[in-house]
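# need a structure here:
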Amino acid sequence: MSEPQAFLRDGKTMWAETEALVRKDYGEERFQTFLKYFEVNDHTGNPDEVVDAMLDAICAAEPQLTYRVCGWKYSLIWFLNDYLPTSLFDTMSKILRK
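Next comes the predicted model:
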């Protein structure tokens, strides 16, 4: 995300245009929590890592099934997401994101 402010602006626009029933299901509080998280965390990353992963996926004789270009903290969050029950994962991810 090279332009986090543009991402936030577009997200707010999409949320406003989303059907009322969907907004109700997700809840305004959850959306505001997402926006707050995105505002306080650095999501710029290193574009070279993404390009390297894409090249590996295209050129490797046996490419990986998935590529995750992120630090250890986010790799752990994704791992936990795959294996923990939702309620436990939600609690753990809140702790890890601090």
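# for the one helix or strand residue 95 maps to, C-alpha coordinates in PDB please.
Element membership for residue 95 (DSSP states H and E) is helix 86-96. The C-alpha atoms that make up helix 86-96 are tabulated as PDB, following Å, rounded to 0.1, in the frame of the first residue of the first chain:
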ATOM      1  CA  THR A  86     -12.500 -18.200  15.300                       C
ATOM      2  CA  SER A  87     -13.200 -17.000  18.900                       C
ATOM      3  CA  LEU A  88      -9.700 -18.000  20.100                       C
ATOM      4  CA  PHE A  89      -8.000 -16.600  17.000                       C
ATOM      5  CA  ASP A  90      -9.800 -13.200  17.500                       C
ATOM      6  CA  THR A  91      -8.500 -13.000  21.000                       C
ATOM      7  CA  MET A  92      -4.900 -14.000  20.000                       C
ATOM      8  CA  SER A  93      -4.800 -11.600  17.100                       C
ATOM      9  CA  LYS A  94      -5.800  -8.700  19.300                       C
ATOM     10  CA  ILE A  95      -2.900  -9.500  21.600                       C
ATOM     11  CA  LEU A  96      -0.400  -9.900  18.700                       C
END
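# report the mean confidence score over that helix.
Across helix 86-96, the average pLDDT comes to 77.
# other SSEs contacting that helix?
In terms of contacts (3 or more CB pairs under 8 Å, 6 or more residues apart in numbering; DSSP states H and E), helix 86-96 is packed against helix 72-83. From N, CA and C alone the C-beta is placed, and that goes for glycine too.
# which residues in this structure form helices?
In order along the chain, the chain carries the following helices (DSSP state H): 4-17, 20-26, 28-40, 47-59, 72-83, 86-96.
# report the contact partners of the residue of the chain positioned farthest from its centre.
Note on the chain: the largest C-alpha distance from the chain mean falls to residue 61, namely 28.7 Å (CA atoms, centre = their mean). With CB atoms under 8 Å, 6 or more residues apart in numbering as the criterion, no residue contacts residue 61.
# distance of it from residue 15?
To residue 15, residue 61 is 43 Å away according to CB to CB, to the nearest Å.
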